[in-house]
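K.L.:
Model the structure of this input:
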Amino acid sequence: MKILFLGDVMGRAGRAAITQHLARLRTEWRLDFVVVNGENASSGMGLTPDHAKGILAAGADCVTLGDHAFDQKDMLRFIETEPRILRPLNFAKEAPGKGARVFSDARGRKILVTQALGQVFMKRAFDDPFSHIEAVLKSHPLGGMVQASLVDMHCEATSEKMAMGHWCDGRASVVVGTHTHVPTGDAMILQGGTAYLTDAGMCGDYNSVIGMEKAEPMRRFITGMPKERFTPANGEATLSGLYIETDDRTGKATRVEMVRQGGRLAQSGPA
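P.N.:
Modelled structure (predicted):
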């Protein structure tokens, strides 16, 4: 199975990049399944139903969220009607929607997609992500119920993302980190056959401070005083993410490549 994962969509620029590039990439790379993290797609804070529909219409098969899952209040209702949107498994027991779901590609192959929030350096305490992911992977074994599985680990600490990668090694096809908006250079296949990347980066304007217009973040760092709200940068965006190929029989990764398309970053992806 050929899978594309795209990191946090950041504001209008990120949405425009999805619309501009994703359909072409699906065709050129013969993608079977596309997952997009959309938790910053609406003004950098959450995801509205209309913007969710736009990302799905552009070619995403599934949209994951994150710690800003319900910053846009309309998502509280919309997520119950749109099964292709997933919130984190461990967000809150009473949260609407699902944190894991099995999807089918055009050939009928099954892929599990799930997401968890980390605990280290996050602004609020979330339940243990490892036990939540453990339960999902145990009930959806590779080569059994599903032909592939993807874990979106949404957290601050690189160590926590790496720990999740090794925790899932051999039991998930892919573990990819999101949230910090800076793409890392450590794409690899772990010993047990799981593709891993610490952070996919963002789909946004990199002439920015992690996707926000530079002036206000710089002012706060320099003076310690806020003056205005953060606003997403709206220059040309780069699509950042991870391309993975998996073996249908075992579900393990056979190829992994970092993706950078458009914008300011060097171009990369499967040849």
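
K.L.:
Would you mind giving the secondary structure of residue 3?
P.N.:
Three-state assignment for residue 3 (DSSP: H, G, I helix; E, B strand; the rest coil): strand.

K.L.:
Now the terminal residues of stretch 55-66, how far apart.
P.N.:
From its first residue to its last, stretch 55-66 covers 16 Å (CA to CA, to the nearest Å).

K.L.:
same check, this time on stretch 2-18
P.N.:
Rule used - CA to CA; the end-to-end distance of stretch 2-18 is 18 Å.

K.L.:
residue boundaries of the strands in the stretch 51-200 of the chain?
P.N.:
Taking DSSP state E, counting those that start in this stretch as the criterion, the stretch 51-200 of the chain carries its strands at 62-64, 85-86, 100-104, 110-117, 148-154, 174-178, 188-189, 195-197.

K.L.:
Now render these as TSV, adding distance to residue 12 and mean neighbour count.
P.N.:
For every residue, glycine as well, the C-beta is placed using N, CA and C. As requested, the strands of the stretch 51-200 of the chain are arranged in TSV below (distance: least, CB to CB, whole Å; neighbours: other CB atoms under 10 Å):
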stretch	distance to residue 12	mean neighbour count
strand 62-64	17	26
strand 85-86	19	25
strand 100-104	28	16
strand 110-117	24	25
strand 148-154	22	28
strand 174-178	19	28
strand 188-189	33	15
strand 195-197	26	28
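
K.L.:
among the ones you listed, which is nearest residue 16?
P.N.:
strand 62-64 (16.3 Å; CB to CB).

K.L.:
Tell me the helices and strands packed up against the closest one.
P.N.:
Applying 3 or more CB pairs under 8 Å, 6 or more residues apart in numbering; DSSP states H and E, we find strand 62-64 packed against strand 33-37, helix 49-57, strand 85-86, strand 110-117.
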